[in-house]
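Peer 1: Show me the folded form of this:
(2 chains)
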Amino acid sequence: MINLDDFSMVCFELRDLAHITKWANLNLFKSINANRHKLPSRVMEAVLTSLPETSKLFIIYKNDSVQGFCEFYEFDIKNKSSGVKIHLEDKSISMLKPIQMVKSVGFGRFGLHRLYAEVFFDDSSRLASFKQMGFLPEVHRRAHVFVDGTFKTVSELAARNLND
Amino acid sequence: MTNGIELVQVEPSDMVSVQRLINSEFYKYLPLDGIVSLSDIDNWLSRLNSKESYFFGIKAEKDSSYKKFIIGICSVGGIDWLNRTADIMLVVDRAHSSLWSRPAFNALLQFCFKTLNLRKLSIELFPGSDQVALLESLGFVAEGVRNGARYKGGRFVDTTVCSILSQDYLGPQ
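Peer 2: Below you'll find the model as predicted:
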């Protein structure tokens, strides 16, 4: 478990399946990735219990209540890099501490060199949060993700472990 | 088969040529690690040919002396069928690159856009790659630089991401 003030982050367990399924079926995944929405719980269970080694899923708690999740994806040991997704159910909660926890885990425990996040180009609040936590825009992936009938542009922001 | 270029599945008889390319200096420009043994390469290729990726040898057909030899390799990886995007990689042996790189890219793009019905292709270029001008002439657009994204030659190097949309290559459908 990783703690930062009132936030904590623990590895995904099957007891958290209901939360993930609910988020997925509410299409909240669209805010970070369009791949896993509209799946029934038994399919979600199969997906989540057979995640590849390149994917690591954590549940985010605030004051012991589930707030969201984060995922390290495309975890690349050789190049010491990983993509990160963060989703918080309550939009009013600041993403700064969860991002800080993700950086702490990625650079500290996992010893990575580079973390990157893909954020929709028009999601200004999420972009601002990542920038505030030291992520810099690097790649402008035009027309990259299909959401609600249109292809949306995605910004890839990255942070590097300067001590590496 | 396009413009004298043929993209072929790699057969056991092609393994030595493919191994030579992967283990050559070209590994510097590829998202591969080089140093693949012949005994490994079969497993390696079967992993690369899946629902999410294809791996081809590039054969030139006009010149009979080339016909028996693979002059390059290419792949379509990370296929995202929902978003219809993929990452490509292509390398042609330096002795043949000036002549065959463009037809090889055309063959790969046509396979991706016309056969796989993909919509967007991305390619990651390593420092020193000589493919930038060729890709721009084909319609690729630079989307940005990924700082320190790959570890090559003892250090983290920057890579440039370029992409092309099907409508830019094929014209409006």
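
Peer 1: So what's the residue count around A:Y61?
Peer 2: Neighbour count for A:Y61, taken as other Cβ atoms under 10 Å in any protein chain shown: 17. All C-beta spots, glycine's among them, are computed from the backbone N, C-alpha and C.

Peer 1: Looks to me like it is in a strand.
Peer 2: Yes. Applying DSSP: H, G, I helix; E, B strand; the rest coil, one finds A:Y61 inside a strand.

Peer 1: Quick check: closest non-adjacent residue to it.
Peer 2: A:S8 (4.7 Å; Cβ to Cβ, 6 or more residues apart in numbering or on different chains).

Peer 1: so where does the one you found fall, helix or strand?
Peer 2: In this assignment (DSSP states H and E), A:S8 forms part of strand A:7-11.

Peer 1: quick one: the residue nearest to A:Y61 and A:N63 touch, right?
Peer 2: No. Using Cβ atoms under 8 Å as the test, A:S8 is too far from A:N63 to be in contact (9.1 Å).

Peer 1: Those two: who's more crowded?
Peer 2: Taking other Cβ under 10 Å, A:S8 and A:N63 do not tie; A:S8 has more neighbours (18 against 9).

Peer 1: For that one, give the beta-bridge partners.
Peer 2: Counting by DSSP bridges, A:S8 forms beta bridges with A:N3, A:Y61.

Peer 1: residues in contact with it?
Peer 2: Going by Cβ atoms under 8 Å, 6 or more residues apart in numbering or on different chains, A:S8 touches A:1-2, A:60-62.

Peer 1: Distance check, the residue nearest to the spatial centre of chain B against B:L7.
Peer 2: Nearest to the geometric centre of chain B sits B:L90, at 2.0 Å (Cα atoms, centre = their mean). Distance of B:L90 to B:L7, computed by Cβ to Cβ, to the nearest Å: 10 Å.

Peer 1: Now do the helices in the chain.
Peer 2: By default, I'm working from chain A. Under the criterion DSSP state H, helices of chain A are mapped to A:17-25, A:41-49, A:96-103, A:124-132.

Peer 1: other chain: chain B
Peer 2: B:15-23, B:38-48, B:64-67, B:94-110, B:132-138, B:166-170.

Peer 1: got the CA coordinates for the last one in PDB?
Peer 2: Listed in PDB are the C-alpha atoms of helix B:166-170, where the atom choice follows Å, rounded to 0.1, in the frame of the first residue of the first chain:
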ATOM      1  CA  SER B 166      -5.600   6.800 -44.500                       C
ATOM      2  CA  GLN B 167      -7.300   9.800 -46.000                       C
ATOM      3  CA  ASP B 168      -3.900  11.500 -46.400                       C
ATOM      4  CA  TYR B 169      -2.500   8.500 -48.200                       C
ATOM      5  CA  LEU B 170      -5.500   7.200 -50.200                       C
END
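
Peer 1: For chain B, what is the nearest residue in chain A?
Peer 2: Residue nearest to chain B within chain A (Cβ to the nearest Cβ): A:V139, separated by 3.4 Å.

Peer 1: about what we covered before: going by distance to A:C70, which of the contacts of A:S8 wins?
Peer 2: A:I60 (6.1 Å; Cβ to Cβ).

Peer 1: so how many other residues sit close to that closest one?
Peer 2: So A:I60, with other Cβ under 10 Å, has 24 neighbours.

Peer 1: Next one, pLDDT for it please.
Peer 2: Looking at A:I60, its pLDDT reads 88.

Peer 1: for B:L165, same thing?
Peer 2: So B:L165 comes in at 96 (pLDDT).

Peer 1: what sits against the residue nearest to it when sequence neighbours are not counted?
Peer 2: Of all residues not flanking B:L165 in the chain, B:K120 sits nearest, at 5.3 Å (Cβ to Cβ, 6+ apart). By Cβ under 8 Å, 6+ apart, the residues touching B:K120 are A:143-144, B:83-86, B:163-166.

Peer 1: If B:K120 is in a bridge, with which residues?
Peer 2: In beta-bridge terms (that is, DSSP bridges), B:K120 pairs with B:T85, B:L165.

Peer 1: In the sheet, which residues pair with the residue lying closest to B:E6 once chain neighbours are set aside? Tell me.
Peer 2: Nearest residue to B:E6 in three dimensions, chain neighbours excluded: B:K59, at 4.5 Å (Cβ to Cβ, 6+ apart). For B:K59, the beta-bridge partners are B:E6, B:I70 (DSSP bridges).

Peer 1: Surely B:K59 is in contact with B:C74?
Peer 2: No. Between B:K59 and B:C74 there is no contact under Cβ under 8 Å: 11.3 Å.
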